[in-house]
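J.: Next input, structure requested:
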Amino acid sequence: MTAHSLLPSNSEITTALEQRACAWARERLSDERFAHTTGVVACVTRLAPLHGLTEQLPALRLAGWIHDAAKENDGHDLLAEAQRLGCRVRPVERQNPGLLHGAIALRQAEIALGFHDPVTASAVLYHTTGHPAMTRADKLFYLADLVEPSRTAEWIVRLRPLVERDLDEALLFALVHQLRRLLRKGEAIDPRAVALYNRLLAAGVPPPLQAEE
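T.: Below you'll find the predicted structure:
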């Protein structure tokens, strides 16, 4: 697969800012990661109208292009870049610096591309761990990042119809899987993910019967 074949056609890009964001991300990512990025943008574009989020679509597409632009940096580089950019680093991020990639990508993009959009910012910041105060746009983006077409895990296949039907049920299903995975691996769990899990249960979202891998 060539770098050129991964780029969307001009007809798929909606704004000049998005065109620049696409090119900016392409320069920073491997073919595999950029293919994922393109898949997230396509998935957001398909899902947003299903959930009444068409108005937020330009901001969510922008988030799609930039969300993983720092994903391929190692932990040492992420911590150094966070310090350079003045990004807050929480204890869990010192244990797992990979969690910083969204915040760093967002700040880098805002500086390089000269924009700030609160919908884009929130979606990028919470796309990895979630947050108890997530908006519907945040939830859709978190889920699009998981169910974009290149993902083939069996639990993702089961998640896809839930995403089309109900964002909260799909979010809880995904979150249970992610938390179980971290527990099995003995990795630190971001407190925001735990708080989101508790918030969804308290809101009456039915827990998934089957969320195993």
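
J.: mind checking the SS state of the spatially most central residue of the chain?
T.: What sits nearest the mean C-alpha location of the chain, by CA atoms, centre = their mean, is residue 127, with 3.2 Å. At residue 127 the chain is in coil, as set by DSSP: H, G, I helix; E, B strand; the rest coil.

J.: is it true that it touches residue 148?
T.: No. Contact criterion CB atoms under 8 Å: residue 127 and residue 148 do not qualify, at 11.7 Å. C-beta coordinates here come from the backbone N, C-alpha and C atoms, glycine included.

J.: May I see the buried residues of the helix or strand containing residue 123?
T.: According to DSSP states H and E, residue 123 maps onto helix 118-125. Buried residues in helix 118-125, defined by neighbour count with 16 or more other CB atoms under 10 Å: 119, 120, 121, 122, 123, 124, 125.

J.: Can you tell me which of these is closest to residue 174?
T.: Residue 174 has its nearest neighbour among these in residue 123, at 15.3 Å by CB to CB.

J.: residues contacting that closest one?
T.: Applying CB atoms under 8 Å, 6 or more residues apart in numbering to residue 123 gives the contacts 59, 60, 63, 67, 137, 138, 141, 142.

J.: tally of neighbours for the last one?
T.: Looking back up the chat, that one is residue 142. Neighbours of residue 142 under the rule other CB atoms under 10 Å: 24.
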